[in-house]
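> Got a sequence here, can you model it:
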Amino acid sequence: MATDTSSYRLVRWLQLAIASIAFVGLATRNVGVLVNGIFAFGITVLPGVLERDYRLSLDPWLTLWITLAVFLHAVGMLGLYEEVWWWDHLTHFLSATLVASVGYATARAFDKHSDAVYFPPRFMFVYVLLFTLASGVLWEVLEFVARMSARTVGVEPVLIQYGLNDTITDLIFDAVGAVLVALFGTGLLSETVETIQARLSGEHD
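Below is the predicted model of the structure:
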């Protein structure tokens, strides 16, 4: 219980920090900082929406994990992406572990829920890896489109891309995050899998 309370408080502090970053973007008329701050804050309220509207309660540590990942991304828009060479790799790695966790937990819940569905461990590993890499490629495309659109309009890009080498490095870190979740996700995500499975069983009944 104490751990849950600490996680809750940390999430609230991080949300306040993200809101402050969005305010900085508004005050300085920095569209990239503002948009990413609002986006990050929106992501942090998703766990509450899932619990309220869909009865999907996430573990406190998973909610904290999500909030920390988007907080680091929002902070990076203040200049750390340019000034700290490994910041982009860190945020991609954390984001990849989240995407991989979503893919793993959902697939595993369906696997346990239905006798008609069976995902062997090797298939699950490949699935998590491909799911994460596909999401990573989609994000890189969005970054490219955002950058080119910003250049056309003549405004600051809301997403930043540094070229082909950066894209390849990002995908490598995405793959590392996916592999870690595929290897160790069984224990860490067991409660989340059970929550999704219970929700699926409730809808089925």
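
> residues of the lowest-mean-pLDDT helix or strand in the chain that come out buried?
Across the helices and strands of the chain, the lowest-confidence element by mean pLDDT, DSSP states H and E is helix 190-204, at a mean of 77. By neighbour count on 16 or more other CB atoms under 10 Å, the buried set for helix 190-204 is 192, 193, 195, 196, 197, 199, 200. Heads up, the C-betas are built off the backbone N, CA and C, glycines and all.

> Also stretch 22-34?
For stretch 22-34, by 16+ other CB under 10 Å, it's 22, 24, 25, 30, 32, 33, 34.

> quick one: which helix or strand includes the last one?
Going back to what we said before, that points to residue 34. Residue 34 is part of helix 31-54 when elements are defined by DSSP states H and E.

> and the angle for the helix or strand following that helix with helix 31-54?
Downstream of helix 31-54, the next assigned helix or strand under DSSP H and E is helix 60-75. Here helix 60-75 runs at an angle of 160 degrees relative to helix 31-54 (axes from the mean of the first three to the mean of the last three CA atoms, to 10 degrees).

> looking just at contacts, which helices and strands does the helix holding residue 34 meet?
helix 2-27, helix 60-75 (3 or more CB pairs under 8 Å, 6 or more residues apart in numbering; DSSP states H and E).

> separation between residue 145 and residue 157?
According to CB to CB, to the nearest Å, residue 145 stands 10 Å off from residue 157.

> out of these two, which sits in the more crowded spot?
Taking other CB atoms under 10 Å, residue 145 and residue 157 do not tie; residue 157 has more neighbours (19 against 13).

> which residues does the residue nearest to the more buried one when sequence neighbours are not counted contact?
In this structure, residue 157 finds its nearest non-sequential neighbour in residue 150, 3.7 Å apart by CB to CB, 6 or more residues apart in numbering. Contacts for residue 150 (CB atoms under 8 Å, 6 or more residues apart in numbering) come out as 156, 157, 158.
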